[in-house]
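>>> what follows is a protein structure lacking sequence information:
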């Protein structure tokens, strides 16, 4: 009996120390930056991705499968026709969007036979308020009935498209070299897959070992692709992608299981796996990411903006050199779960609130 009590006490002390460690090293400072917050137009249920058509018009996706053209000056919302059918289950649906000239790229959960779905990339031309000439550029080779962990962020960089894919809630697939699961892929804008960056990886795969990457952005000066991803209970990461690198999930993780135990052997680093440049413990559930390089908020310039679903907040990470150094929360629990972040031409910050009565919001100093 005494031995069992000692073991229970040791376990309780260990859990308390673990929590204190998390809080000590991840205590964000709340800023006193003054912002004006306004909703742009009517609510949108569970918006997910945003991309600019021009200085005033934006495309906004809704997870249910709707795509809207939104004018941030007038607030007018216009539905876009001919959007592909989506697997709208739990986290799945119509997710990220990117537009270049009039060519639109959509990342979505594509319905597949047997009630399954796969992360996919769709290309079409925006003509008026409709998509024309649509075609599927890429479909993951991992199919699942799960509605979890699609990843699905898009970055257009020079002649290439970068696309993030989650592990679909089946963690072991992130280390399966035959699968696109838990990967970032690179393909040409005609859909041609780039050469694989690692041995025995499928064509197009540039990095592996990701859990659920829902934020990706290109550094405006260095051109490097930055990515953040959800950890389990703790261990959200920011990684600067290096072609051929494996980021370790689920062999390496700074998080813990949702029931409180170790992930695997409890390793936070191991030979052959790339380390993150920033870790959140406890998790903030990050989604959406953008570098701030405008003048409306000079105190944010050169830093990184990250949305938080869990804490319904907007984080700003100040960089020292090329690495994150400190963080602060610049918007706390004002608009709900923050799903995506974008910087407008005039320096205002555009946010998507992932709520039933969510929508597009603008932060400014006007």
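Cool, got the structure. This is a predicted model, so every value here is computed, not measured. Numbers count the residues shown, from 1 in each chain.

>>> going by C-alpha atoms from here, please, whenever you check contacts or count neighbours.
Will do.

>>> next, count neighbours for residue 230.
Residue 230 has 26 neighbours, counted by other C-alpha atoms under 10 Å.

>>> same check on residue 166?
30.

>>> same question for residue 81.
By other C-alpha under 10 Å, neighbour count at residue 81 equals 16.

>>> over to residue 158?
Residue 158 has 9 neighbouring residues, counting by other C-alpha under 10 Å.

>>> now swap in the one 10 residues further on and tell me
Burial of residue 168 is recorded as 27 neighbouring residues (other C-alpha under 10 Å).

>>> please name the nearest non-neighbouring residue to it.
residue 149 (4.3 Å; C-alpha to C-alpha, 6 or more residues apart in numbering).

>>> just the element for that neighbour, please.
For residue 149, there is no helix or strand it lies in under DSSP states H and E.

>>> got it, and residue 78?
Per DSSP H and E: strand 77-79 holds residue 78.

>>> coming back round to it: and the pLDDT at the residue nearest to residue 168?
If you check residue 149, the pLDDT there is 98.

>>> how about it, what does it touch?
By C-alpha atoms under 8 Å, 6 or more residues apart in numbering, the contact list for residue 149 reads 91, 165-169, 211-212.

>>> mind picking the two most distant members of these?
91 and 211 (14.1 Å; C-alpha to C-alpha).

>>> more neighbours, the two?
A direct count of neighbours by other C-alpha under 10 Å for residue 91 and residue 211 places residue 211 higher, at 34 against 18.

>>> got a list of what that one touches?
149, 166-167, 171, 174, 182, 229-231, 249-250.

>>> so it: helix, strand or coil?
Secondary structure, DSSP: H, G, I helix; E, B strand; the rest coil: residue 211 is coil.

>>> that one and residue 342, how far apart?
23 Å (C-alpha to C-alpha, to the nearest Å).

>>> with residue 84 instead?
Taken as C-alpha to C-alpha, the span from residue 84 to residue 342 is 24 Å.

>>> compare the two (neighbour count), which wins?
residue 342 (23 against 20).

>>> now the longest strand along the chain: buried residues?
As assigned by DSSP state E, the longest strand anywhere in the chain is strand 116-127. The neighbour-count check on strand 116-127 (16 or more other C-alpha atoms under 10 Å) flags 116-126 as buried.

>>> now swap in stretch 257-273 and tell me
Across stretch 257-273, burial judged by 16+ other C-alpha under 10 Å covers 263, 266, 269, 273.

>>> so what's residue 30 bridging to?
residue 329 (DSSP bridges).

>>> report how many residues lie close to it.
14.

>>> my read: it touches residue 328, true?
Yes: in this structure, residue 30 is within contact of residue 328 by C-alpha atoms under 8 Å, at 5.3 Å.

>>> of the contacts of residue 149, which belong to helices?
Assigned to helices by DSSP state H, none of those qualify.

>>> for residue 360, state which of those residues is nearest.
residue 91 (19.2 Å).

>>> I figured that closest one was touching residue 150, is that so?
Yes: look at residue 91 against residue 150 with C-alpha under 8 Å: they come within range, at 7.5 Å.
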